[in-house]
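S.K.: Provided below for reference: sequence and predicted model.
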Amino acid sequence: MGTQPPKLLLSVYALRTWGARIEAACDGLSFVTAEEALAADGPSAIDIAFMTREVTGKSSKDNPTPELRGFETVLRKSPGLRWLQIHPAGAERPIYRELRDRGVKVTTASGATAVTVSHSVLRALISLNRRFPLLADAQRRHAWEPRLGERSPRDLKGQCAVIVGLGPIGLNIASHLKMLGMSVIGARRSAEPVEPCDRTIAYDRLLDVLPQADWLILCCPASPVTRGIANAAAFAAMPMGSHFINVSRGEIAVEKAVIEALQSGRLAGAYLDVFEREPLDPASPLWDMPNVLVSPHTASHSLGQNEAIFDIFLDNLARFREGRKLRNDVDDLS
């Protein structure tokens, strides 16, 4: 590490919230805020950076905020940067690839949001299956519309969910669905069996199992293999009246195909937390479909999430100082 104490880049908020705990856990570390580094001329002498949620939280992939642009500027003018810890589970922003190409380690907070996202999915799945969005629509219209006879919801027990992506989020979702008596087929990079899935397939075999899918649930990272995997052909392969959930990235699904499948009845309902362009266009028909739950990329949010992310950072900080392997290294997951 050299004779000078390593310098950690973080936001003013992060320094105020966790500075004392970081200092107690790692003696000799000095702090530089993004605001200070951005205002300084010339290169920044940063060794480590912690990009927390408030830096990126109000940004979308199509609309970066000044806070995010400023932080990225500092990262680019820090030639000695060795490691960046980020708060999301995925690392799709172009800056992360740019840094990795420079030899910078980029680590995610994979696992920190697994429970929260799986709870969001579970709530949405039960809601859609029990027709709660349609009941809410009837309530707004003051219409008494009992779900009787053929309109009655199916029992979840015995239904099949295909979960695309078997990281911590996907495995948490699978565990919940198994407790409901559902069968689960998991899709991942390889077909190696993974508990608690009843069966595991590689991504390129997805169309083979979709005729069995009452639910298609996306929770995979964006990659050349997964982008656009939920497309018109995928929805056409699913049974009429099946359901779709996307808590991964908007580009994993072809939004036009999602809309058409909902309009045709191929999909009986959907929970969408992510979109091809964010914020979702106010003119999108998805807003007004009574069988669709729309949330603004917040499936993972909770009051305890930041602490879970911070715990991963502290663990990685100790590993970094000791020269040990870092958790959630993006290069190990590629």
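M.R.: Yep, it's here. Predicted model only: the values in this text are computed from it and were never measured.
S.K.: tell me where the stretch 201-334 of the chain has helices.
M.R.: For the stretch 201-334 of the chain, helices defined by DSSP state H, counting those that start in this stretch occupy the ranges 206-209, 232-237, 255-264, 305-322, 330-333.
S.K.: let me have those in a markdown table, extended by mean neighbour count, mean pLDDT and distance to Leu38.
M.R.: To be clear about C-beta, it is placed using only N, CA and C from the backbone, and glycine gets the same treatment. Compiled in a markdown table, those are given as follows (neighbours: other CB atoms under 10 Å; pLDDT from 0 to 100; distance: least, CB to CB, whole Å):
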| stretch | mean neighbour count | mean pLDDT | distance to Leu38 |
| --- | --- | --- | --- |
| helix 206-209 | 16 | 98 | 44 |
| helix 232-237 | 17 | 98 | 44 |
| helix 255-264 | 17 | 98 | 35 |
| helix 305-322 | 18 | 96 | 21 |
| helix 330-333 | 15 | 85 | 25 |
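S.K.: can you redo those as JSON lines with distance to His176?
M.R.: Output for the helices of the stretch 201-334 of the chain, formatted as JSON lines (distance: least, CB to CB, whole Å):
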{"stretch": "helix 206-209", "distance to His176": "20"}
{"stretch": "helix 232-237", "distance to His176": "23"}
{"stretch": "helix 255-264", "distance to His176": "23"}
{"stretch": "helix 305-322", "distance to His176": "18"}
{"stretch": "helix 330-333", "distance to His176": "24"}
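S.K.: Arg53: which of these is closest?
M.R.: helix 305-322 (6.2 Å; CB to CB).
S.K.: run through who's touching that closest one.
M.R.: For helix 305-322, contacts defined as CB atoms under 8 Å, 6 or more residues apart in numbering pick out 1, 6, 17-18, 21-22, 25-26, 48, 50, 52-53, 82-83, 85, 87, 107, 109, 111-113, 116, 324-328.
S.K.: ok, which of the helices of the stretch 201-334 of the chain comes nearest Glu150?
M.R.: Here helix 255-264 is closest among these (CB to CB), at 18.7 Å.
S.K.: which residues touch that closest one?
M.R.: 230-232, 234-235, 244, 246, 267, 269-270, 272, 275-276, 284-286, 289, 291-292.
S.K.: C-alpha coordinates for that helix, CSV please?
M.R.: The C-alpha trace of helix 255-264 is given here as CSV (Å, rounded to 0.1, in the frame of the first residue of the first chain):
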residue,chain,number,x,y,z
GLU,A,255,-41.0,-3.9,-23.7
LYS,A,256,-43.1,-3.9,-26.9
ALA,A,257,-43.5,-7.7,-26.7
VAL,A,258,-44.5,-7.4,-23.0
ILE,A,259,-47.2,-4.9,-23.9
GLU,A,260,-48.5,-7.0,-26.8
ALA,A,261,-48.6,-10.2,-24.7
LEU,A,262,-50.6,-8.4,-22.1
GLN,A,263,-53.0,-6.9,-24.6
SER,A,264,-53.6,-10.2,-26.3
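S.K.: hang on, the earlier thing: list only buried entries from the contacts of helix 255-264.
M.R.: By neighbour count, with 16 or more other CB atoms under 10 Å, the contacts of helix 255-264 hold 230-231, 234-235, 244, 246, 267, 269-270, 272, 275-276, 284, 286, 289, 291-292 as buried.
S.K.: among those residues, which ones are in strands?
M.R.: 244, 246, 267, 269-270, 272, 292 (DSSP state E).
S.K.: in JSON lines: those residues, plus distance to Arg130 and pLDDT.
M.R.: Output for those, formatted as JSON lines (distance: CB to CB, whole Å; pLDDT from 0 to 100):
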{"residue": "Phe244", "distance to Arg130": "17", "pLDDT": "99"}
{"residue": "Asn246", "distance to Arg130": "20", "pLDDT": "98"}
{"residue": "Leu267", "distance to Arg130": "17", "pLDDT": "98"}
{"residue": "Gly269", "distance to Arg130": "11", "pLDDT": "98"}
{"residue": "Ala270", "distance to Arg130": "15", "pLDDT": "98"}
{"residue": "Leu272", "distance to Arg130": "18", "pLDDT": "98"}
{"residue": "Val292", "distance to Arg130": "15", "pLDDT": "98"}
